[in-house]
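1. Build me a structure from this.
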Amino acid sequence: MRFAYLLFGLSLLAFRAQAQTPATPVPDSARPAQNPVPAAKDPHDKPSFIPAPVVFYEPETGLAGGAAILPVWRLGRDSATTRKSNARLVGWYSQRKQTSLQLTHTIFTPGERYLFTGELSAYDFPIFYYGTGNNTRLADESEISYQLFIVNQRVMRGFGRQMFAGLTYRLTALRNITIEEPLTRESNRPNLLLERPARERENTFVSGFGPSFLYDGRDNILSTFRGSYLEFQTLFNGKGLGSDFTFTRYQLDARLFRPLLPSSTNTIIGGQLLGQFHSGNVPFRELANLGGISVLRGIYEGRFRDRQLVVGQVELRQKLFWRLNGAVFAGAGQVADQLGDFGLSDFKLAGGAGIRFRFNRRDRLNIRFDYGVGSGGSKGLYFGVNEAF
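-> Numbering: from 1, shown residues only. From the prediction side, this is the model:
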């Protein structure tokens, strides 16, 4: 019933937005290599700054509510050379007494000469910690809590066609780490966080800096019909940057999107391969982990965590009617301490289905509700703004 009320409220906001959006979506086109004569600005190409209510239920949060502001705009006059920028400001409070405030942005300057992406987030919540490794047990569920502040900013210079290179800086500050329950779920052993080094249970500061490369050929970064995406970045975290821990993170993110039928965009298939690899002394909060709202929906976020991670997932997106679209998804992934520990028989599985509400048809801005089930005794209903990948 709550879901029905939410859809009704969103539809009222959508009709308000309709006055500034055409009846059919106008996709962002990939920029050509050269365009010496700027085009006149489309009179319908106006910024969108419409607030939206936030109500959702996730396995990590329980029932939660809040609000979001989801601006979409274009810098410059030419839609052929500059894709739209967007930001997301979301705040919520959950029945498990968790609070979250997150600001993310993706900004293309005119002609896509520069790309700025980043995140500024603050969290205060209890979570379940299961230890490290690819075979953690549900019986060892340990309740902990902490306050977390994240700054993640990337500045990139465009070169060639849809390619960018630049630098990334990431800071995380972890405070007030608390063991909420002294024993595990089945009271058969002490809280697993006590098995980590004592330094990781103190206030910690992680600071990293490194190069990034990106090829982004997606026609629309909010909800892609066709195109590909390839990102590689390295973060060097060390004492010279004020970090309490010294380690290096390498991340690879590759995505591909295609219409199932060349003549129609009603059915889209998308795929993602994600790898995250670490060397050095990595604290528990910075380990790679499976699960959550974007990576293997259906697995509790952090249910499996370790130094190395590989994930593959696919999603089929189908236009339904009015502003509603559907999706089915599936994926597999695993974590390991060392690269040589990965095994073909050790993949964790997750899958499910969901509904998309096209909040802004012109810009393809979706609000999504997904239900997933996965390995490790997990399942959940997820709320998200934009697609999972």
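2. Now do the helices in this protein.
-> Taking DSSP state H, the helices of the chain run over residues 2-18.
3. pull the helix or strand with minimum mean pLDDT from it.
-> helix 2-18 (a mean of 40; mean pLDDT, DSSP states H and E).
4. Low-confidence bits of the stretch 151-300 of the chain, can you list those?
-> Along the stretch 151-300 of the chain, the model assigns pLDDT under 70 to no residue.
5. Give me the neighbour count for Leu75.
-> Neighbours of Leu75 under the rule other CB atoms under 10 Å: 15. Bear in mind the C-beta positions are built from the backbone N, C-alpha and C, glycine included.
6. thought it was touching Thr109?
-> Yes. Using CB atoms under 8 Å, Leu75 is in contact with Thr109, at 5.7 Å.
7. list residues touching both of these two?
-> Thr82 (CB atoms under 8 Å, 6 or more residues apart in numbering).
8. give the contact list for the nearest residue to Gly133 once chain neighbours are set aside.
-> Distances taken as CB to CB, 6 or more residues apart in numbering put Asp306 closest to Gly133, at 5.8 Å, once the chain neighbours are dropped. Listed by CB under 8 Å, 6+ apart, the contact partners of Asp306 are Thr132, Gly133, Asn134, Leu287, Ala288, Val335, Ala336, Asp337.
9. Mind pulling up the pLDDT for Pro126?
-> pLDDT, the model's per-residue confidence, is 89 for Pro126.
10. what are the bridge partners for it, then?
-> For Pro126, the beta-bridge partners under DSSP bridges are Ser145.
11. same deal with Ile268?
-> The partner residues for Ile268, given DSSP bridges, come to Pro259, Arg317.
12. I'd like to know how many residues surround it.
-> Ile268, neighbours per other CB under 10 Å, totals 22.
13. Quick check: pLDDT value at the closest residue to Leu89 other than its chain neighbours.
-> Using CB to CB, 6+ apart and skipping the chain neighbours, the partner closest in space to Leu89 is Ile69 (4.5 Å). Turning to Ile69, the model gives it a pLDDT of 91.
14. how many neighbours does Ile69 have?
-> When counting by other CB under 10 Å, one arrives at 14 neighbours for Ile69.
15. cool, and Gly271?
-> 16.
16. Please name the nearest non-neighbouring residue to it.
-> Using CB to CB, 6+ apart, the nearest residue to Gly271 is Val314, at 4.7 Å.
17. distance of the one you found from Ala332?
-> Here Val314 is placed at a distance of 10 Å from Ala332 (CB to CB, to the nearest Å).
18. swap in Arg285?
-> 25 Å.
19. likewise Arg317?
-> Distance from Arg317 to Ala332, by CB to CB: 19 Å.
20. of the two, who's got more company?
-> Neighbour count, other CB under 10 Å: between Arg317 and Ala332, Arg317 has more, with 26 against 18.
21. hang on, isn't the more buried one packed against Gly270?
-> Yes. The criterion here is CB under 8 Å, and Arg317 meets it with Gly270 at 6.9 Å.
22. residues bridging contact with these two, i.e. touching both?
-> Applying CB under 8 Å, 6+ apart, one finds that Arg317 and Gly270 are jointly contacted by Glu387.
23. Could you report the neighbour count for the residue nearest to Gly271?
-> Per other CB under 10 Å, the neighbour tally for Val314 reads 16.
24. Contacts only, for it.
-> Shown in contact with Val314 (CB under 8 Å, 6+ apart): Ile269, Gly270, Gly271, Gln272, Phe329, Ala330, Gly331.
25. Name the nearest of these relative to Asp219.
-> For those, the residue nearest Asp219 by CB to CB is Gly270; the value is 12.2 Å.
26. what's near enough to touch the spatially closest residue to that closest one that is not a sequence neighbour?
-> Among residues not flanking Gly270 along the chain, Phe257 sits closest, at 4.4 Å (CB to CB, 6+ apart). The contact partners of Phe257, taken as CB under 8 Å, 6+ apart, are Arg218, Thr224, Phe225, Arg226, Gly227, Ser228, Ile268, Ile269, Gly270, Gly271.
27. how far away is Phe257 from Val314?
-> Using CB to CB, we find Phe257 at a distance of 11 Å from Val314.
28. do Thr61 as well
-> Applying CB to CB to Thr61 and Val314 gives a distance of 26 Å.
29. go on, Glu202?
-> Applying CB to CB, the value for Glu202 to Val314 is 41 Å.
30. since we're on the closest residue to Gly333 other than its chain neighbours, how many residues are nearby?
-> Spatial nearest neighbour of Gly333, chain neighbours left out: Val311 (3.5 Å); criterion: CB to CB, 6+ apart. Counted with other CB under 10 Å, residues neighbouring Val311 total 23.
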